[in-house]
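*Asks:* Just need the structure, nothing else, for what follows:
(one chain, ligands or ions: 1)
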Amino acid sequence: MKRKYNYEIMDLIKARWSPRAISEEKLSREEIMPLIEAARFAPSCFNEQPWRFIIADEEESLKKMRNVLMPGNQIWANKAPVLLLIVAKKNFTYNNEENFWHMFDAGTAWGFLTLEAQKRGLVTHAMGGFDMDKARSSFNISEDYEIITVVAIGKYGDKETLDPKLRSKEHPDIRMETEALILK
Ligand SMILES: Cc1cc2nc3c(=O)[nH]c(=O)nc-3n(C[C@H](O)[C@H](O)[C@H](O)COP(=O)(O)O)c2cc1C
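*Replies:* The predicted structure follows:
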């Protein structure tokens, strides 16, 4: 099924989706850092900017990051040249009190990052399917941070290289109706 838009919206939003056929072609830090820059300018409660990123883009860190993914994600994400771990600082820096909005704000940052990637001809695919405890210990992440998502990033690859079961899912997903989002 094709996506249907009920209102005219930004082309970047319409173009973004979550492919699994990601090319193995390496990305340089010059190509990766503008995505972090886009995330940097997300709004956040008290301008706390709770989002933090661990970039795996060379063999040793990629191996570690692949190792935390669930097998169903490894099967396609292992090829991605960049695996980005997104975490969020739990407490406000100014008073060390709990920041209820840390995950909300990190989500906004990821939204900015994915649209910047889209603009630059890169694809992104977020994954909740990974072992958070393993990620925490593998990358030595303190309990001050909530571990949220791994994102596969790269150039779009060749759909034909995907496992046949995944190939049939290789398309932008549809959405529920706009009106269904409004609680009455
Ligand atoms: C937080 C989060 C976790 C996700 N986890 C996975 C995952 O573990 N494996 C996977 O293949 N896709 C995962 N996805 C991708 C979603 O399935 C996808 O975004 C959704 O179906 C909408 O499709 P679209 O991004 O192509 O529009 C995740 C997306 C998000 C935002």
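
*Asks:* Could I get the phi/psi values of the closest residue to A15 other than its chain neighbours?
*Replies:* Nearest non-adjacent residue to A15, counting by Cβ to Cβ, 6 or more residues apart in numbering: Q118, 5.6 Å away. Using the backbone N, CA and C atoms, a C-beta is placed for each residue, glycine as well. Main-chain dihedrals, Q118, degrees, to the nearest 10: phi -60, psi -40.

*Asks:* List the contacts of Q118.
*Replies:* L12, A15, R16, T124 (Cβ atoms under 8 Å, 6 or more residues apart in numbering).

*Asks:* So the helix or strand of the chain with the lowest mean pLDDT, near the ligand or not?
*Replies:* Least confident helix or strand, the chain: helix 164-167 with a mean of 94, by mean pLDDT, DSSP states H and E. No. Judged by Cβ under 6 Å from any ligand atom, helix 164-167 makes no contact with the ligand; its nearest approach is 8.5 Å.

*Asks:* And that helix, what's buried?
*Replies:* Within helix 164-167, no residue is scored as buried using 16 or more other Cβ atoms under 10 Å.

*Asks:* just stretch 74-88 next, same as before
*Replies:* Neighbour-count burial for stretch 74-88 flags 74, 76-88 (criterion: 16+ other Cβ under 10 Å).

*Asks:* Out of those, list just those in helices.
*Replies:* Cross-referencing those against helices under DSSP state H gives Q74, W76, A77.

*Asks:* So the second one versus K134, what's the distance?
*Replies:* It stands for W76. 19 Å (Cβ to Cβ, to the nearest Å).

*Asks:* Equivalent analysis for the first one, please.
*Replies:* Distance check for Q74 against K134: by Cβ to Cβ, it reads 13 Å.

*Asks:* burial count for the residue in the chain positioned nearest to the ligand?
*Replies:* Ranked by Cβ to the nearest ligand atom, the top residue of the chain for proximity to the ligand is G129, at 3.0 Å. With neighbours defined by other Cβ atoms under 10 Å, the count for G129 comes to 14.
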